[in-house]
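Q: Provide a 3D model corresponding to the input given below.
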Amino acid sequence: MTQPLVLASSSPFRRLLMQNAGLDFVAQAASIDERAIEAKLTVQNATPETVALELAKAKALDVSARFPGAFVIGSDQTMSLGDRVYHKPASLQEARENLLSLSGKTHHLNSGVAIVRNGELVWETVAKAAMTVRPLSDDFIDRYLERVGDAVMSSVGAYQLEGEGIRLFDSIDGDYFTILGLPMLPLLKALREFGAVND
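A: Numbering: from 1, shown residues only. Next comes the predicted model:
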């Protein structure tokens, strides 16, 4: 008999990944102040990978209190270029500035995932994807933003790979699940080892 699974997330993308993998789970959003946690970690000079993992753990720990006995999965993702961590752009102008800063460079998507049971961390990992943006002209960025519109503000990098965002890239080194924010392969392996899913 498998153990109950809880996804500590309100993300429709993460829910879909879990559903597509045939997992039986409940989704429950965490009640944490992500920006406050991130601000504290920034003062401590935490790496973007550490920030993603600490947020994933905080989500899982918060939700675990409401689901005794369940394996609670928390995940979070940061986007970084060197030491700079990006957030969702608040305007099209900020999206434009972010795209210019990424042009011709390789940034990383850092996807942290943690499993907590009965308030105890039992597993954690961070998976990374390297995203190389081709050199972008001002004209291309203007046309891209005009076509995509306000949708660019719904994602940290001002792009969605499943849409026109794919046109920004020269190369991508990393798996699809990590890019979407839930590294399914290491997660499924851990869940099998815990007996939380059937082999």
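Q: show me where this structure has helices.
A: For the chain, the helices defined by DSSP state H occupy 12-20, 34-43, 48-64, 92-102, 138-148, 176-180, 184-193.
Q: ranking these by burial, who's on top?
A: Most buried of the helices of the chain by mean neighbour count (mean count of other C-beta atoms under 10 Å) is helix 48-64; its value is a mean of 23. C-beta coordinates here come from the backbone N, C-alpha and C atoms, glycine included.
Q: Where is the longest strand in the protein?
A: Of all the elements of type strand in the chain, the one with the most residues (DSSP state E) is strand 120-133.
Q: pull the CA atoms of that strand into PDB?
A: Coordinates of each C-alpha in strand 120-133 appear next as PDB, following Å, rounded to 0.1, in the frame of the first residue of the first chain:
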ATOM      1  CA  GLU A 120      10.800  16.100   9.400                       C
ATOM      2  CA  LEU A 121      12.800  16.700   6.300                       C
ATOM      3  CA  VAL A 122      13.500  13.300   4.800                       C
ATOM      4  CA  TRP A 123      14.900  14.200   1.300                       C
ATOM      5  CA  GLU A 124      16.000  17.200  -0.700                       C
ATOM      6  CA  THR A 125      17.800  18.000  -4.000                       C
ATOM      7  CA  VAL A 126      18.400  20.800  -6.400                       C
ATOM      8  CA  ALA A 127      18.400  20.300 -10.200                       C
ATOM      9  CA  LYS A 128      19.700  22.900 -12.600                       C
ATOM     10  CA  ALA A 129      19.100  23.800 -16.200                       C
ATOM     11  CA  ALA A 130      21.500  26.000 -18.200                       C
ATOM     12  CA  MET A 131      19.700  28.300 -20.600                       C
ATOM     13  CA  THR A 132      21.700  30.000 -23.200                       C
ATOM     14  CA  VAL A 133      20.000  33.000 -24.800                       C
END
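Q: Understood, closing this out.
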